[in-house]
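# I would like the atomic coordinates for the input below:
(2 chains)
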Amino acid sequence: AQSVTQLDSQVPVFEEAPVELRCNYSSSVSVYLFWYVQYPNQGLQLLLKYLSGSTLVKGINGFEAEFNKSQTSFHLRKPSVHISDTAEYFCAVSGRGSTLGRLYFGRGTQLTVWP
Amino acid sequence: SQTIHQWPATLVQPVGSPLSLECTVEGTSNPNLYWYRQAAGRGLQLLFYSVGIGQISSEVPQNLSASRPQDRQFILSSKKLLLSDSGFYLCAWSIQGSNQPQHFGDGTRLSIL
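Now for the predicted structure:
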C-alpha cells in the first residue's frame, strides 16, 4: 500500500511571496502523484499530476511540482502567490499497475495568503 | 466533456433518520466511482468504491452502505444516522487505470442533530 505525509498542516504567507507545500510518500511500487486544491465548501480540483517523464510538472494557476524519487517527495511550489490561492491543498499517490486507481491522500495543508 | 453531479449540497438530519445521497456522472462510460468522507483536519477517508454496476467494495465498516444501480449512478445510504456520520461527503469518478486522476463533485455537507 501507499501513504502520504504532508509535513505542514498550515502555511501562512504574504501575497506575492513564494510558497512551497511539502509532500512525502511511501510506496513499495512505482507511483503516480497528484496535487489537488479544495476551496471552502467545494470538491477537490486537480492541480497537476506526475505520471512519467520530466520530473518538473506544471499545473494550473501557476503551480508546479517536482518529483524526487530518491527523496520520495513531490513538493508543490508557486513563485508568487495571490489572495485567491488561499485554500486547502492535498497531495495524493496511486500505485502503478492498479486498475482501480486507488488514491491515498495526505491530511492536507491549509495555505493562507495575507495581504 | 464529463461532469459529475452530487446532491443535495447541504442536509440536516436528526439522529436515527435514514439517508440517501446521490451522485451521477455524465459524458463517460463504465467509470470507477468513489465515496469519501472528509472530517475537519483529517483529510479524506475512502468509504466505498465501485468498478461496475452492482460491484461495491467497502473500505471502512460502519453505519453506511453504497449501491450502484446504473453505470453512472452511485448512491450512499444509511438506515439510521448516528451523530458521528456528520461530515462533508464527496463523490468522485475516474477512468479505469492507476494513472487516471479522480474528479470530484461539489460535496454534501451533512449535519446530524
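# mind checking the SS state of the residue nearest the centre of chain B?
Nearest to the geometric centre of chain B sits B:Trp35, at 2.9 Å (CA atoms, centre = their mean). Classification of B:Trp35 using DSSP: H, G, I helix; E, B strand; the rest coil returns strand.
# wait, what's in contact with it?
Residues near B:Trp35 by CB atoms under 8 Å, 6 or more residues apart in numbering or on different chains: B:Cys23, B:Leu46, B:Leu47, B:Phe48, B:Tyr49, B:Ala66, B:Phe74, B:Leu76, B:Tyr89, B:Leu90, B:Cys91. Any C-beta I mention is one placed from the backbone N, CA and C, and that applies to glycine too.
# Leaving out chain neighbours, which residue sits closest to the residue of chain B found nearest chain A?
Nearest to chain A, among the residues of chain B, is B:Phe104, at 3.5 Å (CB to the nearest CB). Leaving aside its chain neighbours, B:Phe104 sits nearest to A:Gly43 (3.5 Å; criterion: CB to CB, 6 or more residues apart in numbering or on different chains).
# ok, that neighbour - how many residues close by?
Applying other CB atoms under 10 Å in any protein chain shown, we find 20 residues neighbouring A:Gly43.
# go on, A:Val4?
A:Val4 has 23 nearby residues by other CB under 10 Å.
# how much space between it and B:Ile75?
Taking CB to CB, to the nearest Å as the criterion, A:Val4 is separated from B:Ile75 by 29 Å.
# mind checking how far B:Ser57 is from A:Lys58?
In terms of CB to CB, B:Ser57 sits 34 Å off from A:Lys58.
# Give me the phi and psi for A:Asn61.
Here is the backbone geometry of A:Asn61 (degrees, to the nearest 10): phi 60, psi 20.
# That one against A:Asp85, yeah?
Yes - assessed by CB atoms under 8 Å, A:Asn61 is found in contact with A:Asp85 at 7.0 Å.
# what about residue 101, how many residues close to it?
No chain was given, so I picked chain A. Neighbours of A:Gly101 under the rule other CB under 10 Å: 21.
# ah, I was thinking of chain B
The number of residues packed near B:Pro101 is 21, by other CB under 10 Å.
# Can you classify A:Ser84 by secondary structure?
Counting by three-state DSSP, the backbone at A:Ser84 sits in helix.
# give the contact list for the nearest residue to it once chain neighbours are set aside.
In this structure, A:Ser84 finds its nearest non-sequential neighbour in A:Val113, 7.9 Å apart by CB to CB, 6+ apart. Neighbouring residues of A:Val113 by CB under 8 Å, 6+ apart: A:Val13, A:Phe14, A:Glu15, A:Val81, A:His82, A:Ile83, A:Ser84, A:Asp85, A:Thr86.
# got a pLDDT number for the third one?
In the prediction, the pLDDT value recorded for A:Glu15 is 97.
# you'd agree it is up against A:Trp114?
Yes - with contacts counted by CB under 8 Å, A:Glu15 reaches A:Trp114, the gap being 6.7 Å.
# tally of neighbours for residue 102?
Chain wasn't specified; assuming chain A. 21.
# um, chain B though
Neighbours around B:Gln102, by other CB under 10 Å: 27.
# Flag every residue of chain B that's near chain A.
Applying CB under 8 Å from any CB of the partner chain, we find that chain B lies next to chain A at B:6, B:32, B:41-44, B:46, B:49, B:51, B:88, B:90, B:92, B:94-107, B:109.
# Cool, thanks, talk later.
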